[in-house]
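A.B. asks: compute the structure for the input listed below.
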Amino acid sequence: MRGRIRVFVSGRHKARMPVSYAALAPLFADRIEVVDRPDQADLYLFAHVLDVAEAPLAVVEDWRARRVPVVLLSEEPFWDTIWNRRPTAPRRVVDGLHGALPVVQINHQTSDVFRFGQIPYYLLTHHRFATTYAARFARNARLSASGLRARLKAAPRDLCFLFERRPEPYHNAGWPEAGLFGLCAWRTALAEACTTGRVERLGASWQGGPSRFGLTNWYADKMARLDGRARIMGAIENTHQPDYLTEKLFDALANLSLPLYWAQPGHRLAEFDLPEGSWVNLAGLEPGEAAQRVADLIRKPFSDERIEALREAQVVLAARLGRPEPWLAERARLAHALPRALEAVLEAPRSADAEAVEQGAAFGA
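C.D. replies: Okay, the predicted model is just below:
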C-alpha cells in the first residue's frame, strides 16, 4: 500500500465532499492528507464541475508542469444533471477560466464510492441523522396501531411539502438509460397540482422570507416543525439515481407521515424491505395523475392495512437506522472505498483526454 495520498481541495463547493465533512474526515486520516498548496498534491479534488471551470491559475499552471490528475468527486447527482454535460462518463475535459483540464469523474454513476451497503451515503455526512433516527424510530416503534391512527388523525395538515420550488424545464435533464434524471420540476408541478384537503407548502421559495439554510441547525428545525404535522408528506428526491437516497423519505416516516416518493424498478430503496403500503410510489405518473392519486388518499381515512404497514415500517427502520452497527459498517466501507478510488486514479495510465489537452495547449487551442 502506498503512503498517504496528498490532495489539494479547491472550489466554492469544496465543503461538500467526503474529505471535508467533520463527521467523515477522520475516516481517511491515515490514507488521505489535505494539503495547502497545489504543488504539494498528488491530485486535485473538486466537488462541482463549475469549480473545475473556475480552477485557480495556480492549479492550472501546476497541472501543466506536473500533469497531476484532476478529480471531480461529486456526491450530488443534482449538480451532475444540471451542470455536467457528461455525468456518466468516467473521464471528460472541462474548459475553464485559465484553460482546459482533463478530469476523472467519481460520482454515483462512475464509481462504487457512493454505492452504499446499509446506510445511504448522505446520512453519513453528519452525526445528527444517526442520533435523530435512533430516538425517533425507537419512539415510533412503540406505538400500537390504534396509537398511530390517533396520531395521524390529530395531524393539523393532510399533506405537506418542504422543498425548493424549481419549475424550470431544464430541471428535467437526464440520462434515462442510467436511471439518472431530475425530478425538481416534476415534484414542483405535483405540489402545485395538489389542492385537495389541508395542503401546506413550506420553504422560502413558496412562502418568501429567509432560507432555512441560514439557521444554525436547519435539520433540527425541520424535524421539530414536521413531527406529526401531516398525514402525508412529499419526500421526492431532487434527482432520481438508483443509489441515491437522502434523508427525505426517512424523515417523513420518522415524523409519522406517509411518504410520497418516486422510484423506478432497481432503485435501492427496495432493499430496505419496507412493508407495502408504508410509502407511495408515484413513478411513471404525470404530475396531474399523481395529484389525483394523492387526493384519493386524502379523501378517506387510512385503511387498517396501511396503518399496520406504517407501524411495521417504524420497526424495520428502528432496526436498520437505530442501531450503531449498520452505521459503523457503512463508515468502514466508505473509509476503504474512497482511498481505493483515488489510488486507482493515480495508478491509471495517462488518458487520451489529457493528451488532447496537452496537444491543444501546445498548439494554442
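
A.B. asks: by mean pLDDT, flag the weakest helix or strand of this protein.
C.D. replies: Ranking every helix and strand in the chain by mean pLDDT, DSSP states H and E puts helix 352-362 at the bottom, with a mean of 70.

A.B. asks: buried residues in that helix, which are they?
C.D. replies: Neighbour counts over helix 352-362 (16 or more other C-beta atoms under 10 Å) mark D353, A354, V357, E358 as buried. Heads up, the C-betas are built off the backbone N, CA and C, glycines and all.

A.B. asks: and the strands in the stretch 251-365 of the chain, which stretches?
C.D. replies: 258-261, 280-281 (DSSP state E, counting those that start in this stretch).

A.B. asks: check which helices and strands the last one is in contact with.
C.D. replies: Using 3 or more C-beta pairs under 8 Å, 6 or more residues apart in numbering; DSSP states H and E as the contact definition, the elements that strand 280-281 packs against are strand 258-261, helix 287-299.

A.B. asks: ok, that strand: who's next to it in the sheet?
C.D. replies: In the sheet, strand 280-281 lines up against strand 258-261 (parallel) (DSSP bridges).

A.B. asks: contacts for the strand it pairs with?
C.D. replies: Strand 258-261 is contacted by residues 190, 231-237, 248-249, 252-253, 269, 278-282, 290, 294, 297, 302, 306, 310 when judged by C-beta atoms under 8 Å, 6 or more residues apart in numbering.

A.B. asks: and for stretch 155-164?
C.D. replies: In contact with stretch 155-164 (C-beta under 8 Å, 6+ apart) are residues 184, 187, 191, 194, 196-203, 205-206, 222, 226, 228-234, 236, 238, 248, 256-257, 294, 298.

A.B. asks: again, only this time at 7 Å
C.D. replies: The contact list for stretch 155-164 (C-beta atoms under 7 Å, 6 or more residues apart in numbering) reads 187, 191, 194, 197-203, 205, 222, 226, 228-234, 294, 298.

A.B. asks: low-scoring stretches of the stretch 1-150 of the chain, by residue?
C.D. replies: Scanning the stretch 1-150 of the chain with the threshold set as pLDDT under 70 gives 1-2.

A.B. asks: work out for me the element the closest residue to H267 other than its chain neighbours sits within.
C.D. replies: Distances taken as C-beta to C-beta, 6 or more residues apart in numbering place P242 nearest to H267, at 5.2 Å, with adjacent residues excluded. Assigned by DSSP states H and E, P242 belongs to no helix or strand.

A.B. asks: and P242, its phi and psi?
C.D. replies: When read as degrees, to the nearest 10, the backbone of P242 gives phi -50, psi -30.

A.B. asks: do W206 as well
C.D. replies: Dihedral angles (degrees, to the nearest 10) for W206: phi -100, psi -40.

A.B. asks: then W175?
C.D. replies: Dihedral angles for W175 - degrees, to the nearest 10 - are phi -130, psi 80.

A.B. asks: how about P69?
C.D. replies: Note on P69: its backbone torsions stand at phi -60, psi 140 [degrees, to the nearest 10].

A.B. asks: okay, now it: neighbour count?
C.D. replies: Neighbour count for P69, taken as other C-beta atoms under 10 Å: 21.

A.B. asks: just the one 10 residues further on next, same as before
C.D. replies: The burial metric for W79, expressed as a neighbour count using other C-beta under 10 Å, is 22.

A.B. asks: start at 25, not 1
C.D. replies: All set: I'll call the first residue 25, so the last point we hit is now W103.

A.B. asks: dump the residue contacts of it.
C.D. replies: For W103, the contacting residues are H72, by C-beta under 7 Å, 6+ apart.

A.B. asks: check which element follows the helix or strand in which it is found along the chain.
C.D. replies: Element membership for W103 (DSSP H and E) is helix 101-107. Next along the chain after helix 101-107, taking DSSP H and E as the criterion, comes strand 115-118.

A.B. asks: which strands and helices sit next to that next one?
C.D. replies: helix 73-77, strand 125-130, helix 376-386 (3 or more C-beta pairs under 7 Å, 6 or more residues apart in numbering; DSSP states H and E).

A.B. asks: export those to CSV and tack on distance to A356?
C.D. replies: Output for these, formatted as CSV (distance: least, C-beta to C-beta, whole Å):
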stretch, distance to A356
helix 73-77, 29
strand 125-130, 19
helix 376-386, 33
